[in-house]
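J.: could you look at this predicted model? Sequence included:
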Amino acid sequence: MSRLNTSVRIKNLILKNRLVMPPMATSKADHGEINQAHLDYYKEKSLGGYLGLIITEHSYISDEGKASLHQVSLSKEEDADGYRKLVRLIHENGTPVFAQINHAGSRTISETKLSASAVHHPRDKKDDPLPKEMSAADIEKVIKDFVNAAILAKKSGFDGVEIHSAHGYLLNQFYSPITNKRTDQYGGNLLSRIRLHLEIIAAVRRAVGDDYPIALRLGACDYLEGGSDISDALEACIAFEKAGVDLLDISGGLNGYLRPNRNEEGYFSDVTSLIKENVSIPVLLTGGVKTANGAESLLEENSADLIGVGRALFQDSLWAKHCIESLI
């Protein structure tokens, strides 16, 4: 049997294979609500149960954390109704599913733009206003909002929840030294820059209980001068495991989900390989994987424990079926 077709455990959840559909924004929501278009989309992607795990597109945890006009919400009690239908449908297709929860920080479409510091994001336009450096009250609210979203995810029937700290959004803005210039306990060295992450992880863990899987997607490296690097990623991931994270999902930082000048299958594999060597929880690698053989090779090389396939699955809903069947 291929490595991709073997089971893997996340907390108390056993996945039947190591193929993951990572979060990909569909921009199908009106007023943040799950609708029939979402149900049709995820039904098509999960049909046949060929995926080991689906992580749904990022949901905003508050209005001021909304990243785009048609993003889905997991910020209020009513949101759970639509998600219950979505989770039930995915489960009926034999697939576990996690919810990804996010605050966009300065990348929000809201008038209230919050960030670690009042500095420009590398992807800002010249005339974009500076965000507001978050106060203690702002930080307390964000922690509560992440907790509320995690509780709603559990109530909706999700098998786990993923905290988003990648692609230049709020928690990634705290993690990166480019956007975090704070001089208090949330800025400075790496452990201070991830203090908010650790507080959110601890608060979510208290809220969802010891047995509920918590994942964290980390924008490990910025690939920008003065940005986060592989040593930051390793130190952060070790700390996240100690704090209670059950799955590490590795992607890009302020630059987004692509890696400059690299397009091979698994182009974050140097980062995931190092992290995997130093933690005992599963590591998920996404980035440029297009073939079954590519996914299999990355697992055989111990680059990761799970392989995320985004664009290929987005473009071809039968990709997972062909992949699994080709490796049997």
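T.: That came in fine, so what should we check first? Residues are numbered from 1 along each chain as shown.
J.: can you tell me which residues contact the residue nearest the centre of the chain?
T.: The geometric centre of the chain, computed from its C-alpha atoms, lies nearest to residue 217 (C-alpha atoms, centre = their mean), at 3.6 Å. If a contact means C-beta atoms under 8 Å, 6 or more residues apart in numbering, then residue 217 has 23, 100, 162-166, 249-251 as its contacts. (C-beta placed from N, C-alpha, C; glycine too.)
J.: using the three-state scheme, assign it.
T.: Counting by DSSP: H, G, I helix; E, B strand; the rest coil, the backbone at residue 217 sits in strand.
J.: can you pull the pLDDT of it?
T.: pLDDT, the model's per-residue confidence, is 98 for residue 217.
J.: and the gap between the closest residue to it other than its chain neighbours and residue 109?
T.: If the residues on either side of it in the chain are set aside, residue 217 comes closest to residue 249, at 4.0 Å by C-beta to C-beta, 6 or more residues apart in numbering. When C-beta to C-beta, to the nearest Å is the yardstick, residue 249 and residue 109 sit 24 Å from each other.
J.: helix or strand: which one has the closest residue to residue 292 other than its chain neighbours?
T.: Counting by C-beta to C-beta, 6+ apart, the nearest residue to residue 292 once its immediate chain neighbours are dropped is residue 323, at 4.2 Å. Using DSSP states H and E, the secondary-structure element containing residue 323 is helix 319-327.
J.: just the buried positions in that helix, please.
T.: Across helix 319-327, burial judged by 16 or more other C-beta atoms under 10 Å covers 319-320, 323-324, 327.
J.: so which of the residues you listed comes closest to residue 197?
T.: residue 320 (31.0 Å; C-beta to C-beta).
J.: residue contacts, the closest one?
T.: Shown in contact with residue 320 (C-beta under 8 Å, 6+ apart): 19, 21, 45, 48, 50-51, 309, 313.
J.: just the buried members of these?
T.: Listed as buried from the contacts of residue 320 are 19, 21, 45, 50-51, 309, 313; burial here means 16+ other C-beta under 10 Å.
J.: quick one on the thing from earlier: greatest separation within the contacts of residue 320: which pair is it?
T.: Using C-beta to C-beta, these span at most 15.1 Å, a distance reached by 48 and 309.
J.: so how far is residue 98 from the closest residue to residue 244 other than its chain neighbours?
T.: On the basis of C-beta to C-beta, 6+ apart, the spatially nearest residue to residue 244 that is not a chain neighbour turns out to be residue 205, at 4.6 Å. Using C-beta to C-beta, one obtains 15 Å as the distance from residue 205 to residue 98.
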